[in-house]
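> Sequence first, then the predicted structure:
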Amino acid sequence: MLNQLKPFLQEAWEKSGFQTPTSIQEAAIPLIVAGRDLIAESPTGSGKTLAYLLPLLNRMDANLPSLQAVVLASSQELVMQVFQEFQKWSEGSGIRGTSIIGGANVKRQLEKLKARPNVVFATPGRLLELIKQKKIKMHEVKMVVLDEGDQLLIPEHFNTVQGIMKSTLADRQVVLCSATMKTGTEQLAKGLLKEPEVIRILKDDMSASGDVEHIYLLCEPRDKIKLLEKIARLEKSKSLAFINDIGEIQVVIEKFQFKELSAGILHSNMKKLERQAALKGFRDGKMNMLIATDVAARGLDIQGVTHVVQIDFPKDITQYIHRAGRTGRMGANGVIVSLVTDREERELKRFCHELNVPLHKRVFYKGKISVDM
């Protein structure tokens, strides 16, 4: 599979220290190299980004001063994360790339476009805006990638994505990947792609990894913050905690500050630089808990997350899978901790039964998570 790629990519792979490609990489790379449209569903942390990024880089011609590929993602953080991967893997190839995200300075983005990037990594709204202003020309684009595609095809993004697709020529290649794919989303996707191949990687899914433990702590709604404080105090922990309501984050943070506990926050109403600073602080270990809404944390790859905490219950099983996928990535260990009421406990048991993962009840004892006696 790797021998189908250009020498600079084979060398980068050697240097990366990766041994064998993951299942999704094995399945997707040859199809994308062959020019096929593709819908790929594969668990979080299974190596999807490289599964499309390597064949995309393989296809670029650094000698042409034209835009040849576009990668779309639903959040600023995910765009920047993929762009950083691009920078790492394209080093020394001469392939130029840039990021175009909402909330950032438009003038600066227009300056970046003057350098004639071969690849643009973008959030849909800002990209369509620049296409309409004729600042980005899409007629030479050979490949469009929809990363976390199920998020891009929800009603509030769909028309924007469709507008972007219509600005490309009919012979472009489209790759859509996601950790979860509902039937309705897949039908929408098929309307944007030409006779796509569909890959579903299930064998290295959550139940097979075995390194992720799913546990829950039973409590009244008002006690959830107290439990969260205890989790924040766990030794050598790096916890990503999910909350549904942006308004609630401030309440939690004020209680944390009162107790002199450090935690970062991440939500979509924050300014771009604030979001970047919060993520960097968490990645660098300056704080051992990041409290986030799902929109902001979707698809993020943060090394070494030991605990994913569900302060608020996920709205559906798909959300549970995406949250859980922030830990135990690429074979590492992790714990999913759900803080649940009696009613939520029943729903959680149903989710875990459907996902075929063992679920255990736990309590706090002397500052540690212990088996309920």
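Everything's here; your move.
> Can you dump the C-alpha atoms of the helix or strand containing residue 55 in CSV for me?
Under DSSP states H and E, the secondary-structure element containing residue 55 is helix 48-59. Extracted C-alpha coordinates of helix 48-59, given in CSV (Å, rounded to 0.1, in the frame of the first residue of the first chain):
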residue,chain,number,x,y,z
LYS,A,48,-8.4,8.4,9.4
THR,A,49,-6.5,11.7,8.9
LEU,A,50,-3.5,10.0,7.4
ALA,A,51,-5.8,7.6,5.4
TYR,A,52,-6.8,10.6,3.3
LEU,A,53,-3.9,13.0,3.8
LEU,A,54,-1.2,10.7,2.4
PRO,A,55,-3.0,10.0,-1.0
LEU,A,56,-4.0,13.7,-1.1
LEU,A,57,-0.3,14.8,-0.8
ASN,A,58,0.6,12.1,-3.3
ARG,A,59,-1.7,13.7,-5.9
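> for residue 93, helix, strand, or coil?
Classification of residue 93 by DSSP: H, G, I helix; E, B strand; the rest coil places it in coil.
> Make sure it is actually in contact with residue 63.
No. At 11.2 Å, residue 93 does not count as touching residue 63 under the criterion of Cβ atoms under 8 Å. Where C-beta positions appear, they are placed from N, C-alpha and C, glycine not excepted.
> These two - which one has more neighbours?
Counted by other Cβ atoms under 10 Å, residue 93 and residue 63 do not tie: residue 93 has more neighbours, with 17 against 7.
> Any figure for the gap between the more buried one and residue 71?
Per Cβ to Cβ, to the nearest Å, residue 93 is found 16 Å from residue 71.
> What of residue 318?
For residue 318 relative to residue 71 (Cβ to Cβ), the value is 22 Å.
> Kindly report the same for residue 169.
18 Å.
> what about the strands in the stretch 201-350 of the chain?
Applying DSSP state E, counting those that start in this stretch to the stretch 201-350 of the chain gives strands spanning 212-218, 239-242, 264-266, 289-292, 307-310, 334-340.
> Tell me how many other residues crowd the closest residue to residue 201 other than its chain neighbours.
Of all residues not flanking residue 201 in the chain, residue 42 sits nearest, at 4.0 Å (Cβ to Cβ, 6 or more residues apart in numbering). For residue 42, the neighbour count with other Cβ under 10 Å is 26.
> my read: residue 42 touches residue 181, true?
No. Counting by Cβ under 8 Å, residue 42 stays clear of residue 181, with 9.8 Å between them.
> Identify the contacts common to the two.
residue 200 (Cβ atoms under 8 Å, 6 or more residues apart in numbering).
> hang on, isn't residue 311 packed against residue 231?
No. Applying Cβ under 8 Å, one finds residue 311 not in contact with residue 231, separated by 9.7 Å.
> Could you tell me which residues touch both of those two?
With Cβ under 8 Å, 6+ apart as the test, residue 311 and residue 231 both reach residue 241.
> Check what pLDDT the residue nearest to the spatial centre of the chain gets.
The centre of the chain sits closest to residue 299, judged by Cα atoms, centre = their mean, with a distance of 1.0 Å. You'll see residue 299 listed with a pLDDT of 72.
> same deal with the one 3 residues further on?
Note on residue 302: pLDDT of 83.
> neighbours around the nearest residue to it once chain neighbours are set aside, how many?
Leaving out its chain neighbours, the residue that sits closest to residue 302 by Cβ to Cβ, 6+ apart is residue 283, at 5.9 Å. Residues within reach of residue 283, counting by other Cβ under 10 Å, total 16.
> My understanding was that residue 283 contacts residue 300; is that so?
No. The criterion here is Cβ under 8 Å, and residue 283 misses it with residue 300 at 9.7 Å.
> right, and the strands of the stretch 201-350 of the chain - which one's nearest residue 116?
strand 264-266 (33.3 Å; Cβ to Cβ).
> Show me how far that closest one is from its chain's centre.
Offset of strand 264-266 from its chain centre (Cα atoms, centre = their mean, to the nearest Å): 16 Å.
> neighbouring strands for that strand, and are they parallel or not?
Taking DSSP bridges as the criterion, strand 264-266 sits next to strand 289-292 (parallel) in its sheet.
> tell me which residues of the helix holding residue 55 are tucked away?
By neighbour count on 16 or more other Cβ atoms under 10 Å, the buried set for helix 48-59 is 48, 49, 50, 51, 52, 53, 54, 55, 56, 57, 58, 59.
> Could you spell out the sheet neighbours of the helix or strand following it, each with its direction?
Under the assignment DSSP H and E, the closest C-terminal helix or strand after helix 48-59 is strand 69-72. Note on strand 69-72: by DSSP bridges, its sheet partners are strand 119-122 (parallel), strand 143-147 (parallel).
> Rebuild those strands as TSV, extending it with mean neighbour count, mean pLDDT and distance to residue 77.
Output for those, formatted as TSV (neighbours: other Cβ atoms under 10 Å; pLDDT from 0 to 100; distance: least, Cβ to Cβ, whole Å):
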stretch	mean neighbour count	mean pLDDT	distance to residue 77
strand 119-122	26	98	12
strand 143-147	25	97	12
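> can you redo the ones you listed as a markdown table with distance to residue 82?
Formatted as a markdown table, these follow (distance: least, Cβ to Cβ, whole Å):
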| stretch | distance to residue 82 |
| --- | --- |
| strand 119-122 | 6 |
| strand 143-147 | 6 |
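> Walk me through the domains of this protein.
2-200, 206-371 (automatic domain parsing).
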